[in-house]
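> below are the sequence and a predicted model; questions follow.
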Amino acid sequence: MVLKRPSWPSGRLVTLEVGSKLLADNPLGDPHVRELDVWLPPGYDEGARAGLGKRYPVLFVLAGYTGSGKSHTAWKSFDENVPERAARLIAARKMPPCILVFPDCFTAYGGNQYVNSAGVGRYADHLTRELVPLVDREFRTLADRRHRGCFGKSSGGYGALVHAMKHTRYWGAVASHSGDAYFDVAYRCDWPATLDELSKYRAKPRREGRVDPSADFATPSGGIDDGRIRRFLEAVWRKPNPTSAEVHCLMYIGMAATYDPDPKEPRRVRVPFDLETGELIEARWRRWLRHDPIHLVARFAKNLKTLRGLFIDCGWRDQYRLHYGARILSRRLHEHGVEHVHEEFDGTHSGIDHRMDKSMPFLLRALA
């Protein structure tokens, strides 16, 4: 959409201030008071004035890494934000009216996987035990999992998948756009770049010349921080505009705090590779793989079968190679008899909000 001059009703955006008890005293010291954007569809207010009391299905929109709720509701040049997209689809009768909820789950690590973690916070509980009841109290929702869904892209897609598996009592339908899966390819291949970035913060700067393995690499790190992770975090958290390499490094530290937190460490972070040699630490990596959606299907197949709709897609040029994870995930779902829709498209990991034109109507048909 080039001209942002829609001729259809736009609905109304409401912002609530939410004080979360479950996020208080989170390990990162992130704010526990958050702003929650909620979009009410065209006709919502008219129905209230007329005393009709019509109730609506609800979709929670989970933002990807570096994003938050307001990144989906903010004005966008030459494109639609999510409320504008929903209003257009409703006006075109491609989906029924619904309420959209945009949680703020941003963290000091730059994002969230929407799970409970001793290293990041209780964000799965925040969504399900605080925000879901709050939205049902404050707005005219169809307050039942049969009429409530969630979807997201990337980390948000991962969160939607995990919630479909582990928190099924809250969600009737779920969609994942380019969600994190197949960690052996999606994450493991990029860890060397993270180690390179962290090496800039080692205690002793590197020097040219002969290397003595018995002295320089004699003691494996076991993934425990030798001070470089702490120094990196202190440096990047002071910077107003971290580089792309720093953001990616921050992301992988955040993933480590999510998937394999260490309560004994000050930052509760330990990494799955030796900090000096880059050798994989099998015990640590196995803990990561326990969170990989492709390995969770068998365990949670019974829950997944209760969903009224499950939609998965990914571009076949995804630069994080997540299309391979989507394919394996789809195959595992099929093997365990979980009905789902799996689509691919000619695209990368970027600029794929247009795929919501597929997922939102799909979810609302399932939640009708």
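Structure's in. What do you need? Residues are numbered from 1 along each chain as shown.

> contacts, neighbours, all on C-alpha from now
Noted.

> what pLDDT is listed against G51?
We have a pLDDT of 65 for G51.

> make that G47, sorry
In this model, G47 carries a pLDDT of 68.

> same check, this time on P192
What the model reports as pLDDT for P192 is 95.

> phi, psi of it?
Dihedral angles phi and psi of P192 (degrees, to the nearest 10) take the values phi -60, psi -40.

> surely it meets L280?
No - using Cα atoms under 8 Å, P192 and L280 do not qualify as a contacting pair, with a distance of 10.4 Å.

> so what touches stretch 351-368?
With contacts defined as Cα atoms under 8 Å, 6 or more residues apart in numbering, stretch 351-368 is touched by 57, 85, 89, 94-96, 98, 146-149, 172-175, 177, 308-311.

> could you identify the helix or strand that succeeds the helix or strand bottoming out on mean pLDDT in the chain?
For the chain, using mean pLDDT, DSSP states H and E, the weakest element among its helices and strands is helix 213-216, scoring a mean of 73. With elements assigned by DSSP states H and E, the helix or strand that comes after helix 213-216 is helix 228-238.

> average model confidence for that following helix?
Model confidence over helix 228-238, given as mean pLDDT, is 96.

> buried ones in that helix?
Judged by neighbour count (16 or more other Cα atoms under 10 Å), helix 228-238 contains these buried residues: 228-229, 231-233, 236.

> in CSV: the residues you listed, plus distance to V115.
Formatted as CSV, the entries for the buried residues of helix 228-238 read as follows, by distance: Cα to Cα, whole Å:
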residue, distance to V115
R228, 26
I229, 23
R231, 26
F232, 25
L233, 22
V236, 24
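
> tell me which two of those residues sit farthest apart.
With distances taken as Cα to Cα, the most widely separated pair in these is R228 and V236, at 12.0 Å.

> per the record, what domains does this structure have?
Each domain of the chain is listed here as a residue range: 12-181+293-366, 185-289, per automatic domain parsing.

> could you dump the ones you listed to a markdown table with distance to R5?
Putting the domains of the chain into a markdown table (distance: least, Cα to Cα, whole Å) gives the following:
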| stretch | distance to R5 |
| --- | --- |
| domain 12-181+293-366 | 11 |
| domain 185-289 | 33 |
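
> pick the most buried one from these.
domain 12-181+293-366 (a mean of 20; mean count of other Cα atoms under 10 Å).

> in helices only, show me the contacts of stretch 351-368.
Using DSSP state H, the members of the contacts of stretch 351-368 that fall within helices are 85, 89.

> okay, G152 and W237: tell me how far apart.
Distance check for G152 against W237: by Cα to Cα, to the nearest Å, it reads 26 Å.

> now the strands for the stretch 1-150 of the chain?
Shown for the stretch 1-150 of the chain, the strands assigned by DSSP state E, counting those that start in this stretch span residues 12-19, 33-40, 58-62, 99-102, 116-117, 121-122, 148-153.

> could the ones you listed go into JSON lines alongside distance to T73 and mean pLDDT?
Formatted as JSON lines, these follow (distance: least, Cα to Cα, whole Å; pLDDT from 0 to 100):
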{"stretch": "strand 12-19", "distance to T73": "8", "mean pLDDT": "98"}
{"stretch": "strand 33-40", "distance to T73": "8", "mean pLDDT": "98"}
{"stretch": "strand 58-62", "distance to T73": "10", "mean pLDDT": "98"}
{"stretch": "strand 99-102", "distance to T73": "8", "mean pLDDT": "98"}
{"stretch": "strand 116-117", "distance to T73": "25", "mean pLDDT": "96"}
{"stretch": "strand 121-122", "distance to T73": "24", "mean pLDDT": "98"}
{"stretch": "strand 148-153", "distance to T73": "14", "mean pLDDT": "98"}
